[in-house]
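Undergrad: let me see the structure of the following:
(one chain, ligands or ions: 1)
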Amino acid sequence: MTKISTIQKRDLDSIFHPMANFSELNEAGPLMVVRGEGIYLYDEHDNQYIDGLAGLWCTSLGYANEEIAETAYEQMKKLSYQHLFKDKSSVISMELAEKLKEMVPGNFSKVFFGLSGSDANDTQIKLVRYYNNVIGRPEKKKIIGRKKGYHGIASYAASATGNEMYHKGFDLPIEGFYHVDCPHYYWNAEEGESEEGYCDRLATNLENFIIKQDPKTVAAFIAEPIMGAGGVIVPPDMYFKKIHPVLKKYDILFIADEVVTGFGRTGNPFGCETFDFTPDTVTLAKSLTSAYQPLSAVMIPDFIYQAILSASKEMGIFGHGFTYSGHPVAAAVGLKVLEIYERDKIFEKASKLGVNFQEKLKSLASHPLVGEVRGKGLIGACELVRDKKQKTPFPADKAVGAYCLERMKKNGLLARAIGDAMCLCPPLISSEDEIGEIFVRYTKSLDETLDWAQRQGLLAA
Ligand SMILES: Cc1ncc(COP(=O)(O)O)c(C=O)c1O
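TA: Predicted structure coming up:
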């Protein structure tokens with residue numbers, strides 16, 4: 001049993017941790033982080049860790065950025081709060097909305113601000129349903145997500161999420177939410193099936209599903225260009241090209257959840273550019289402020305806005321919004337972060353660094369534990385397997401990924417294990433040397449896990 005420090009005990013006595021397994025947490029104790037600088041975090045004993053997952057896929061500009069801190073301080077002095085309800089607004093949130101309209105690919109007429117990826121995806125689904133109601137299609141309400149897709153934990157967003165871990169015990173998903181194939185070629189392709197054949201099959205499955213449901217009842221499809229919390233699942237390049245025409249054929253809106261993939265993560269400014277498709281609407285959060293402030297945005301196309309505008313005489317107010325929608329401090333920080341992305345050419349640099357990152361990741365394909373290496377830009381994962389040749393996973397109860405993650409922590413690297421997928425998503429400001437050091441610590445941890453797995457007799461003979 002791990003020795004729990006006084007600080008850890010105080011935490012366990014006071015915080016109800018999100019996403020925790022409480023018996024495991026009480027046994028191991030939380031990592032008590034005290035400060036951050038650049039891509040590094042320091043715990044209560046001043047041990048240093050590289051933040052290899054950019055917090056939760058969000059701290060693109062790293063920690064302790066003076067310029068961003070100054071911006072927040074100045075904005076707090078100038079205007080610490082202003083809501084956007086009804087006829088009220090603030091110049092700073094207007095400026096951020098204008099900037100997003102300019103940056104995000106697609107034809108958007110308005111931006112709705114929230115505080116998290118979850119509330120933004122709830123907003124998306126409420127918007128789609130409201131839209132169909134006011135244009136006289138009240139039966140067109142069903143939402144299609146994908147198995148392993150993650151869209152947050154508010155009730156609609158969690159219902160769109162395709163993982164029962166986020167449903168169990170909460171009476172979710174609610175009615176009207178469905179989940180189609182996860183586009184993971186490595187695990188799900190049939191023997192001898194090409195990537196193209198696989199994507200054709202998934203598109204056919206989607207079409208058959210829509211027909212079975214009755215296209216008149218299906219409102220929207222929601223997807224992350226690359227699934228983050230599903231385990232960094234990168235679809236084949238042509239996947240969205242095959243899926244999108246099916247949605248268009250049945251007049252089903254495509255919501256791109258760019259909460260992780262937005263703002264330079266995948267080698268392009270947005271994930272939909274990496275996979276070359278144009279969605280109807282886009283969800284943004286996380287790197288929008290590089291996590292210096294909680295902020296999310298929903299990009300609203302003109303046809304949805306016009307429908308809501310036309311209906312407003314009859315419907316009255318659009319009854320949706322948060323006290324902190326477009327909070328001026330978050331807006332000022334977001335604007336500053338976007339300015340830094342542009343001024344310092346962060347996306348271009350991250351794209352170049354991503355080539356180096358992917359090469360290093362690919363070099364681990366020969367490691368005895370690694371079944372699949374996958375990634376794009378500055379996001380990637382190695383999937384640990386029991387038998388590389390036969391593609392056999394480890395039994396889930398052996399918790400091999402969790403063991404490896406613990407080794408990474410001991411070796412000064414914070415990453416994430418999703419099942420046995422060891423995920424990396426470093427801050428975009430990482431240097432080439434820092435990426436090198438991430439892989440030194442990552443590889444050492446894989447080697448230690450291999451030793452342990454051999455000792456435990458977990459590998460195939
Ligand atoms: C793709 C995606 N959408 C939505 C969310 C939910 O965001 P939040 O945790 O800010 O509610 C996440 C969080 O990881 C995410 O990865």
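Undergrad: give me the neighbour count for the closest residue to the ligand within the chain.
TA: Using Cβ to the nearest ligand atom, the closest approach of the chain to the ligand is made by Gly117 at 2.3 Å. Where C-beta positions appear, they are placed from N, C-alpha and C, glycine not excepted. For Gly117, the neighbour count with other Cβ atoms under 10 Å is 28.
Undergrad: flag every residue of the stretch 101-250 of the chain that's near the ligand.
TA: Residues of the stretch 101-250 of the chain found near the ligand (Cβ under 6 Å from any ligand atom) are Ser116, Gly117, Ser118, Asn121, Tyr150, His151, Gly152, Glu224, Gly228, Ala229.
Undergrad: which of the helices or strands spans the closest residue to Phe318 other than its chain neighbours?
TA: Distance criterion Cβ to Cβ, 6 or more residues apart in numbering; nearest residue to Phe318, sequence neighbours excluded, is Ile308 at 5.9 Å. In this assignment (DSSP states H and E), Ile308 forms part of helix 302-315.
Undergrad: what lies in contact with the very next helix or strand once past that helix?
TA: Downstream of helix 302-315, the next assigned helix or strand under DSSP H and E is helix 328-343. Contact with helix 328-343 is made by 60-61, 65, 67-68, 71-72, 74-76, 79-82, 90, 92-93, 95-96, 99-100, 103, 113, 115, 263-264, 287-290, 292-295, 324, 346-347, as judged by Cβ atoms under 8 Å, 6 or more residues apart in numbering.
Undergrad: contact partners for Ser287?
TA: Counting by Cβ under 8 Å, 6+ apart, Ser287 has contacts Ala54, Trp57, Cys58, Ser60, Gly262, Phe263, Gly264, Arg265, Val337, Leu428.
Undergrad: strands along the stretch 151-300 of the chain, start to end?
TA: Counting by DSSP state E, counting those that start in this stretch, the segments of the stretch 151-300 of the chain that form strands are 177-180, 218-223, 253-257, 281-284, 296-301.
Undergrad: can you list the buried residues in the first one?
TA: Within strand 177-180, the residues that qualify as buried are Phe177, Tyr178, His179, Val180, counting by 16 or more other Cβ atoms under 10 Å.
Undergrad: check which helices and strands it is in contact with.
TA: Using 3 or more Cβ pairs under 8 Å, 6 or more residues apart in numbering; DSSP states H and E, the elements in contact with strand 177-180 are strand 142-146, helix 155-160, helix 195-213.
Undergrad: is the ligand contacted by stretch 314-333?
TA: No. Applying Cβ under 6 Å from any ligand atom, one finds stretch 314-333 separated from the ligand by no less than 12.6 Å.
Undergrad: and for stretch 290-300?
TA: No. Applying Cβ under 6 Å from any ligand atom, one finds stretch 290-300 separated from the ligand by no less than 6.7 Å.
Undergrad: buried residues, the helix holding Ile308. List them.
TA: Of all the residues in helix 302-315, those buried under the rule 16+ other Cβ under 10 Å are Ile304, Tyr305, Ala307, Ile308, Ala311.
Undergrad: which among those residues gets closest to Gly436?
TA: Of all those, Gly436 sits closest to Ile304, with 46.1 Å by Cβ to Cβ.
Undergrad: contacts only, for the closest one.
TA: If you count contacts by Cβ under 8 Å, 6+ apart, then Ile304 has Leu127, Val128, Tyr131, Thr281 around it.
Undergrad: and the two most separated of the residues you listed?
TA: By the measure Cβ to Cβ, Tyr131 and Thr281 form the most distant pair in the contacts of Ile304, at 10.1 Å.
Undergrad: contact residues of the stretch 251-400 of the chain facing the ligand?
TA: Asp257, Val259, Val260, Ala285.
Undergrad: settle this for me: the third one is touching Leu284, isn't it.
TA: No. Between Val260 and Leu284 there is no contact under Cβ atoms under 8 Å: 10.3 Å.
Undergrad: partners of Ala421 in the sheet?
TA: Glu383, Ile418 (DSSP bridges).
Undergrad: so what's the residue count around it?
TA: Ala421, neighbours per other Cβ under 10 Å, totals 20.
Undergrad: contact partners for it?
TA: Counted by Cβ under 8 Å, 6+ apart, Ala421 has contacts Gly231, Val232, Ala381, Cys382, Glu383, Leu384, Gly401.
Undergrad: tell me the pLDDT at it?
TA: What the model reports for Ala421 is a pLDDT of 98.
Undergrad: tabulate the buried residues of helix 302-315 (a markdown table), appending pLDDT.
TA: Formatted as a markdown table, these follow (pLDDT from 0 to 100):
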| residue | pLDDT |
| --- | --- |
| Ile304 | 98 |
| Tyr305 | 98 |
| Ala307 | 98 |
| Ile308 | 98 |
| Ala311 | 97 |
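Undergrad: and of those residues, the nearest to Lys241?
TA: Ile304 (24.1 Å).
Undergrad: tabulate the helices and strands packed on strand 177-180 (JSON lines), appending mean neighbour count and mean pLDDT.
TA: JSON lines is the format used below for the helices and strands packed on strand 177-180 (neighbours: other Cβ atoms under 10 Å; pLDDT from 0 to 100):
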{"stretch": "strand 142-146", "mean neighbour count": "25", "mean pLDDT": "98"}
{"stretch": "helix 155-160", "mean neighbour count": "24", "mean pLDDT": "98"}
{"stretch": "helix 195-213", "mean neighbour count": "16", "mean pLDDT": "98"}
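Undergrad: export those to JSON lines and tack on distance to Pro328?
TA: Shown next, in JSON lines, are the helices and strands packed on strand 177-180 (distance: least, Cβ to Cβ, whole Å):
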{"stretch": "strand 142-146", "distance to Pro328": "33"}
{"stretch": "helix 155-160", "distance to Pro328": "25"}
{"stretch": "helix 195-213", "distance to Pro328": "42"}
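Undergrad: picking that back up, which of the buried residues of strand 177-180 sits closest to Met299?
TA: Using Cβ to Cβ, those come closest to Met299 at Phe177, 22.0 Å.
Undergrad: burial of Thr274, as a residue count?
TA: Neighbourhood size, Thr274 [other Cβ under 10 Å]: 21.
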